[in-house]
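Chemist: kindly return the folded structure for what I paste below:
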Amino acid sequence: MLVVMQSVATQDQIDQVVKRIQELGLTAHEMPGATRTAVGMTGNIDAIDPRSFEALGGVRELVRVTKPFKLASREMHADDTVVETDTTSLGPSTFTIVAGPCSVESESMAFEVAEHLLAKGVKMFRGGVFKPRTSPYSFQGMEDDGLKILGKLRQTLGIGVVTEVMEKEQVSRVEPVADVLQVGTRNMQNFPLLKQMGKAQRPVLLKRGMSATLEEWLMAAEYVLAGGNGNVVLCERGIRTFADHTRNTLDLSVIPPAKQLSHLPVIVDPSHGTGKRAYVKAMALAGLAAGADGMIVEIHPNPDRAVSDGAQSLNFAQFDDLLESVHALAGVLNRKVN
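Modeler: Alright, predicted model coming up:
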């Protein structure tokens, strides 16, 4: 349910609406916007009498949100959300680039990659230290030693950091060294983790589950939003299909409906979406053309020697070539590259 306020409504009148929602045992969500000010309410609203709100000062109308995802829906929040970090922003007017190795392997390698990114104007470094792997014998990440490297990287170079969190107990350990907390595809419906992310003070990058529908993906985002964290970025990273020519199928067709149904930024992961470095550039550019708000891509100084996902990682020259093409296409589409 959405309480839409009159354009001349005062803050006192808005506060009275919030108070009334709380008296009913519901949660209020103030939503100031460019075109309207509204107050959303979540909880068991079936027994709500709209007349009890229509009589309050400053109220224009009540709108029932029909989608099961309430806070993630454009019905509730008409304006695009722009997620801000200390180094960049993710939203509709920009195309934000996040890049780095699949796994942090050493301090020297992490600094080499980060310094190259900064030299190319890229402000966000991705690197995993907790790795959810299909095989128990695969590299599991540097864990807390890796967190120390990320913290040093961030403090020394001033680059933003995106890294994955696998368990709710890890959130408090990762928050001090990361600008964005990533929820991986295998954890998209790890509800205890999503609830903890809702309490986090950092934005959340939510990857789509490898077999998830759009509605399931947005309902996962709803868990984070309902917990009080309004800074969620959706990431399409490829889904399971019958295709065997790529690791996954990067579902670019999900971008327009995701942006139509939700106000949250959407980025693409062409590295995991294809699993083959030869296809990363084409799919990254296709994602930009499809309306994505950014991309997250894997790069490595020597991909053939990477401890994980080397086959889908670009070397520095390949990344520079991709970056040049992204800038060219973004100029045609009147998008600014971050």
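Chemist: which strands or helices does the helix or strand of the chain with the lowest mean pLDDT pack on?
Modeler: Ranking every helix and strand in the chain by mean pLDDT, DSSP states H and E puts helix 51-54 at the bottom, with a mean of 84. Secondary-structure packing of helix 51-54 (3 or more Cβ pairs under 8 Å, 6 or more residues apart in numbering; DSSP states H and E): helix 11-23, strand 59-63. For every residue, glycine as well, the C-beta is placed using N, CA and C.
Chemist: now mean pLDDT and mean neighbour count too, for the ones you listed, in CSV please.
Modeler: Formatted as CSV, the helices and strands packed on helix 51-54 follow (pLDDT from 0 to 100; neighbours: other Cβ atoms under 10 Å):
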stretch, mean pLDDT, mean neighbour count
helix 11-23, 92, 15
strand 59-63, 88, 16
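Chemist: nearest to V266, of these?
Modeler: strand 59-63 (24.1 Å; Cβ to Cβ).
Chemist: now the strands for the stretch 151-300 of the chain?
Modeler: 160-164, 180-183, 204-207, 232-236, 266-268, 294-298 (DSSP state E, counting those that start in this stretch).
Chemist: for the fifth one, name the packing helices and strands.
Modeler: Strand 266-268 makes packing contacts with strand 232-236, helix 255-261, helix 277-290, strand 294-298 when contacts are defined by 3+ Cβ pairs under 8 Å, 6+ apart.
Chemist: so what's the gap between the least confident helix or strand of the chain and the chain middle?
Modeler: 36 Å (Cα atoms, centre = their mean, to the nearest Å).
Chemist: buried ones in it, by neighbour count?
Modeler: F53 (16 or more other Cβ atoms under 10 Å).
Chemist: look up phi and psi at the residue of the chain most remote from its centre.
Modeler: What lies farthest from the middle of the chain is A55; by Cα atoms, centre = their mean that is 38.7 Å. Main-chain torsions, A55, degrees, to the nearest 10: phi -80, psi -10.
Chemist: wait, what's in contact with it?
Modeler: By Cβ atoms under 8 Å, 6 or more residues apart in numbering, the contact list for A55 is empty.
Chemist: how far away is it from L62?
Modeler: Distance from A55 to L62, counting by Cβ to Cβ, to the nearest Å: 11 Å.
Chemist: again with V3
Modeler: 6 Å.
Chemist: cool, and V232?
Modeler: In terms of Cβ to Cβ, V232 sits 26 Å off from L62.
Chemist: what's the answer for Q155, then?
Modeler: For Q155, the distance to L62 - Cβ to Cβ - is 48 Å.
Chemist: now do the helices in this structure.
Modeler: 11-23, 51-54, 107-119, 143-157, 171-174, 191-197, 214-226, 255-261, 270-274, 277-290, 316-332 (DSSP state H).
Chemist: which residue packs closest to E112, ignoring adjacent ones?
Modeler: Of all residues not flanking E112 in the chain, P301 sits nearest, at 5.5 Å (Cβ to Cβ, 6 or more residues apart in numbering).
Chemist: that neighbour contacts M109, correct?
Modeler: Yes: the criterion here is Cβ atoms under 8 Å, and P301 meets it with M109 at 6.4 Å.
Chemist: if you count surrounding residues, which of these two has more?
Modeler: More crowded of P301 and M109, by other Cβ atoms under 10 Å: M109, with 20 against 16.
Chemist: so what's the more buried one up against?
Modeler: P101, H300, P301.
Chemist: same list (these) but as a markdown table, adding pLDDT.
Modeler: Formatted as a markdown table, the contacts of M109 follow (pLDDT from 0 to 100):
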| residue | pLDDT |
| --- | --- |
| P101 | 98 |
| H300 | 98 |
| P301 | 98 |
